[in-house]
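Peer 1: Prediction below, plus the sequence it came from.
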Amino acid sequence: MEIKNDKIDHRIIGLTDYHDQSLFLINDKELSEEIKKKNPYLKSLKIAKKFPSTLVLYPDFYQPVAALKVSAGYFILSEDGRILAKIKESNRDLTLINYYQKLNYYSYSAGDYLDLIDINLGISFSQNLNRAGLRVDILDIADRDMLVCNVGEKKIIFTAAKDIELQIYELNQIIRQFKIKGQDFKSIDLRFEKPVVKL
């Protein structure tokens, strides 16, 4: 097997299971799905056959973006809510998510996807803030109607009950205005029809 990737972030588990198989008997799509299930950090895997006997793998890896506090530790999450790893100690380099209902550490496995809309929206919103140069230290999710991004001393509050794209647009407009004026803010609350800004 050949692995084609500029940077190998993680070792790919389970490849030795396919060393003695004939290329004619290998289904690329099934093999890709099987390997992805065994490797939570693997986002996608393209496979090409190079006859007579080589499989060429083109992996793409997830980058961890958040650490969700759960009952007995933390889940390291990707941008689409996949659990990449389960750890006992916090990772201070990632956005910490405090969820109003602590999930059971033992009820989930690495590789599972969290299908909780408020967590997934929170990750998406936090990633947007990070791209805008505002690093989210802590994301507090009180409920679907109140998600708070703590950016240093600043707070940005949004809701899952209002169109997320509209809230991101409003936030970007407000931040742009503050940059033009050379001012700063203490909090921006996007939950209402007109955002509420505190200086």
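Peer 2: Structure received. Numbers count the residues shown, from 1 in each chain.
Peer 1: is it true that L147 touches V136?
Peer 2: No. Contact criterion CB atoms under 8 Å: L147 and V136 do not qualify, at 10.6 Å. To be clear about C-beta, it is placed using only N, CA and C from the backbone, and glycine gets the same treatment.
Peer 1: got the contact list for the residue most central in space within the chain?
Peer 2: Most central in the chain under CA atoms, centre = their mean is E79, positioned 2.0 Å from the mean C-alpha point. Residues in contact with E79 (CB atoms under 8 Å, 6 or more residues apart in numbering) are 62-63, 65, 123-124, 127.
Peer 1: Name the member of the residues you listed with the most neighbours.
Peer 2: Of all the contacts of E79, the most densely surrounded is I123 (23 neighbours; neighbours counted as other CB atoms under 10 Å).
Peer 1: Identify the residues contacting the closest residue to that one other than its chain neighbours.
Peer 2: Taking CB to CB, 6 or more residues apart in numbering as the measure, I123 lies nearest to A66, with 5.6 Å between them; neighbours along the chain are not counted. Contacts for A66 (CB under 8 Å, 6+ apart) come out as 76-77, 94-97, 123, 126, 139.
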